[in-house]
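Chemist: what's the 3D shape of this:
(chains A and B)
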Amino acid sequence: MVHIWQNHWCDRMSEDDQKIIGRGTWIDKLAHEMIEREQQLGRSTSMLRVESGLGASGIPHIGSLGDAVRAYGVKLALENFGYKSELVAYSDDLDGLRKIPEGLPDWLGEHIAKPVSLIPDPFGCHDSYGMHMSSLLLDGLDNLGIKYDFRRARDTYKNGLLKDQIHTILTNSEKIGTKIAELVGQEKYQKYLPYYPVCANCNRLYTAESYEYIPDEMKIKYRCHEAEIGSKMLKGCGHEGEADITKDLGKLAWKVEFAARWHAFDIRFEAYGKDIMDSVRVNDWVSDEILNHPHPHHVKYEMFLDKGGKKISKSLGNVVTSQKWLKYGTPKSMLLLLYKRITGARELGFEDIPTLMDEYNEIEDVYFGKVKLDNEAKTARTKGLYEYTNLLNVPKTPSIHVNYRLLIELGRIFKEDRVNRITKKLIDYGVIKNPDPYIDQIIQLAGNYADDFEEQEIMQIQINDATKNALRKLVDVLVAEKDPEDLQNAIYNIAKENNVLPKDFFMTLYQIILGASRGPKIGPFIMDIGRNKVAQTIGKYT
RNA sequence: GGGUCUAUGGCUCAGCCAGGUAGAGCGCAGGACUCUUAAUCCUGCUGUCGUGGGUCCGAAUCCCACUAGACCCGCCA
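Modeler: Okay, here's the model as predicted:
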């Protein structure tokens, strides 16, 4: 009966031409749309380049990483459809430093408004502040196995790669200024040129105001005066100068810069966060109408928010970074997070790691056919998600699955010699058959999680005289030579003999030994820790 | 002023972006591990899917309106 209906539905679905595109994920759909659009535009499809911008002004959080990871996913999908593609990772290291990120030294204050690539690295390991921040992000990408073509704003401008675009934009500045006001209501570019030179005297960016462009010489006239950065007024140095747009340092304003880059690098796809939606609208127009380069295909995504629903700020210190994530979760758990979906607001925290770790195992089971889903399209999509999570390079055999939450629980209990003890427990439980290097790794990760996110059960241990007597008896038993299998019973009997409710006695023991109100079966557990050691601990309470 | 997202069990959320049986964790109830307490495991319970319309054979899912909350833009990048 049911089958007949399902066939009926399937017929319907195929009549509606619901063919699965690529591997059935949003990534494939996006790549497909993109290819169709390029064909309609009649542009060459010999190289479909995708881009991701990397902020370089603060500690890169998982959102910045997500932009690049997802762009890479699109690249993979394009290749899967038979096209050549590459990912350009572009570091905005000519952006000026606007405020000192939390936790970084105060002396950065004197570098406010300077391009981050001209500020010394506070950590002392890279050529500049900007390069340090970019490197953190690139390191994150490397850890995930993502390949990219790295480019820097500083080199791009210094080598004059954008000079033609800058020239065209500046000679059309009036038209652009009017359009910006019309599109987003921002009027300043009706007065000023959308180009910020770096002041040759004081190295500052936003204080140098450009007031005239000399097309024949490709030079900008500017004066360095006071400007408002954030909520603070910043004094300019009063310098007046000329900047050569083909080689001197300076940069286009964001409202027009993407367009210049898209044209110069021939970019066909770039995702963006909703915070720069307006800039993208303007840039699309500039790209289409001023530079005659049909703008790249886009997809908009929501920001990652912290658990309180606040925007994760790049300049705040305490955020979810890929480096911290990998302390608790595998690279694949992070890729799964980023490839699962792109739409929707997301409140994100480390507490999502356990779910993702286990979810990876679930989709792996689907991929290898161990678990069947009812719906064909969903099966395809889930398999596709698994493939992208493995960057289209799937393992030949499934990994050994151990529930991550179980490992966290065990991690809270076993702190010393953790890997060996937990492995032994897992074998006792029948979860695994033999020790395994991969499982060792997961135990480490879950152990780190247990250590850093221990739920602090603040409780007062109340011990009455009867309990104290019982505890003393127990210590006697523990230090004596005794057959371990009797221990569970012995504890139970000691409680009863001393008129203590077994339930309460066990709880007291957990509180003393674990600092928690519950725990594993206590007899074997005490044997695991060592009788003498437990006797000592209990002794302190008698 | 402009824009986006969110609303699903007691709690936290997944499912929605490619419509086809309403899901998970926590919690709660019962059971298994020779006995009593707990880890763990198994089973079960908890739903007018924010409101009102629309499309469809079929809507948590797509469209429109509304309500409530959050966020982004209107400095700058």
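Chemist: State the distance from A:Lys340 to A:Gln190.
Modeler: The gap separating A:Lys340 from A:Gln190 is 43 Å, by Cβ to Cβ, to the nearest Å. Using the backbone N, CA and C atoms, a C-beta is placed for each residue, glycine as well.
Chemist: okay, these two: which has more neighbours?
Modeler: A:Lys340 (17 against 14; other Cβ atoms under 10 Å).
Chemist: What is the burial count for the residue lying closest to the more buried one once chain neighbours are set aside?
Modeler: Among residues not flanking A:Lys340 along the chain, A:Leu385 sits closest, at 6.6 Å (Cβ to Cβ, 6 or more residues apart in numbering). Neighbourhood size, A:Leu385 [other Cβ under 10 Å]: 25.
Chemist: Using the three-state scheme, assign A:Arg23.
Modeler: With DSSP: H, G, I helix; E, B strand; the rest coil as the basis, A:Arg23 sits in coil.
Chemist: list the contacts for it?
Modeler: For A:Arg23, the contact set (Cβ atoms under 8 Å, 6 or more residues apart in numbering) comprises A:Ala77, A:Asn80, A:Ala380, A:Arg381, A:Lys383, A:Gly384, A:Glu387, A:Tyr388.
Chemist: Show me the residues you listed that map onto helices.
Modeler: A:Ala77, A:Asn80, A:Ala380, A:Arg381, A:Lys383, A:Gly384, A:Glu387, A:Tyr388 (DSSP state H).
Chemist: mind checking how far the spatially most central residue of chain A is from A:Phe505?
Modeler: Centroid-nearest residue in chain A, with Cα atoms, centre = their mean: A:Ile62, separated by 2.1 Å. Distance, A:Ile62 to A:Phe505, by Cβ to Cβ: 46 Å.
Chemist: before we move on, what about A:Asp164?
Modeler: For A:Asp164 relative to A:Phe505 (Cβ to Cβ), the value is 82 Å.
Chemist: Between those two, which has more neighbouring residues?
Modeler: Per other Cβ under 10 Å, whichever of A:Asp164 and A:Phe505 has more neighbours is A:Phe505, with 22 against 16.
Chemist: which one is that one nearest to, not counting chain neighbours?
Modeler: In space, A:Phe505 is closest to A:Ala495, 3.8 Å off (Cβ to Cβ, 6+ apart).
Chemist: do A:Arg472 as well
Modeler: Going by Cβ to Cβ, 6+ apart, A:Arg472 has A:Thr542 as its nearest residue, at 5.0 Å.
Chemist: my guess is the one you found meets A:Val475, correct?
Modeler: Yes: applying Cβ atoms under 8 Å, one finds A:Thr542 in contact with A:Val475, separated by 6.8 Å.
Chemist: The two: who's more crowded?
Modeler: Higher neighbour count among A:Thr542 and A:Val475: A:Val475, with 19 against 14, using other Cβ under 10 Å.
Chemist: what about that one, which SS state?
Modeler: Going by three-state DSSP: A:Val475 is helix.
Chemist: That one touches A:Ala535, doesn't it?
Modeler: Yes: between A:Val475 and A:Ala535 there is a contact under Cβ under 8 Å: 4.8 Å.
Chemist: From A:Met507, how far off is the residue nearest to A:Arg472?
Modeler: On the measure of Cβ to Cβ, A:Thr542 and A:Met507 end up 17 Å apart.
Chemist: residue ranges of the helices in the stretch 351-500 of chain A, please?
Modeler: A:353-367, A:376-389, A:404-413, A:418-429, A:437-452, A:465-479, A:487-497 (DSSP state H, counting those that start in this stretch).
Chemist: Next, format those helices as TSV and append mean pLDDT and distance to A:Tyr328.
Modeler: Putting these into TSV (pLDDT from 0 to 100; distance: least, Cβ to Cβ, whole Å) gives the following:
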stretch	mean pLDDT	distance to A:Tyr328
helix A:353-367	87	5
helix A:376-389	88	17
helix A:404-413	81	9
helix A:418-429	82	14
helix A:437-452	89	4
helix A:465-479	81	35
helix A:487-497	77	34
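Chemist: want to throw those into a markdown table with distance to A:Glu33?
Modeler: Below are the helices of the stretch 351-500 of chain A laid out as a markdown table (distance: least, Cβ to Cβ, whole Å):
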| stretch | distance to A:Glu33 |
| --- | --- |
| helix A:353-367 | 24 |
| helix A:376-389 | 16 |
| helix A:404-413 | 36 |
| helix A:418-429 | 46 |
| helix A:437-452 | 37 |
| helix A:465-479 | 69 |
| helix A:487-497 | 64 |
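Chemist: right, so of those, which gets closest to RNA strand B?
Modeler: Between RNA strand B and these, the tightest spacing by Cβ to the nearest atom of the strand is seen for helix A:487-497, at 3.6 Å.
Chemist: which other helices and strands contact that closest one?
Modeler: Contacts defined by 3 or more Cβ pairs under 8 Å, 6 or more residues apart in numbering; DSSP states H and E place helix A:487-497 against helix A:465-479, helix A:502-514, helix A:522-529.
Chemist: I'd like a version of those helices in a markdown table, one that adds distance to A:Lys327 as further columns.
Modeler: Formatted as a markdown table, these follow (distance: least, Cβ to Cβ, whole Å):
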| stretch | distance to A:Lys327 |
| --- | --- |
| helix A:465-479 | 36 |
| helix A:502-514 | 24 |
| helix A:522-529 | 26 |
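Chemist: TSV please, covering those helices and showing distance to RNA strand B.
Modeler: Listed next are the helices and strands packed on helix A:487-497 as TSV, based on distance: least, Cβ to the nearest atom of the strand, whole Å:
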stretch	distance to RNA strand B
helix A:465-479	13
helix A:502-514	3
helix A:522-529	4
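Chemist: Find the nearest non-adjacent residue to A:Leu509, please.
Modeler: Nearest to A:Leu509 is A:Ile522, by Cβ to Cβ, 6+ apart, at 6.0 Å.
Chemist: just A:Thr25 next, same as before
Modeler: A:Gly384 (4.4 Å).
Chemist: doesn't A:Ile21 make contact with that neighbour?
Modeler: No: counting by Cβ under 8 Å, A:Gly384 does not reach A:Ile21; the two are 9.7 Å apart.
Chemist: Now do the buried residues in stretch A:236-253.
Modeler: By 16 or more other Cβ atoms under 10 Å, the buried positions in stretch A:236-253 come out as A:236-237, A:239, A:241, A:243, A:245-246, A:248-253.
Chemist: Out of those, name the ones that lie in strands.
Modeler: Counting by DSSP state E, the part of those found in strands is A:Gly241, A:Ala243, A:Gly250, A:Lys251, A:Leu252.
Chemist: contacting residues for the first one?
Modeler: What that stands for is A:Gly241. Counting by Cβ under 8 Å, 6+ apart, A:Gly241 touches A:Pro197, A:Cys199, A:Ala200, A:Asn201, A:Lys221, A:Tyr222, A:Arg223, A:Cys224.
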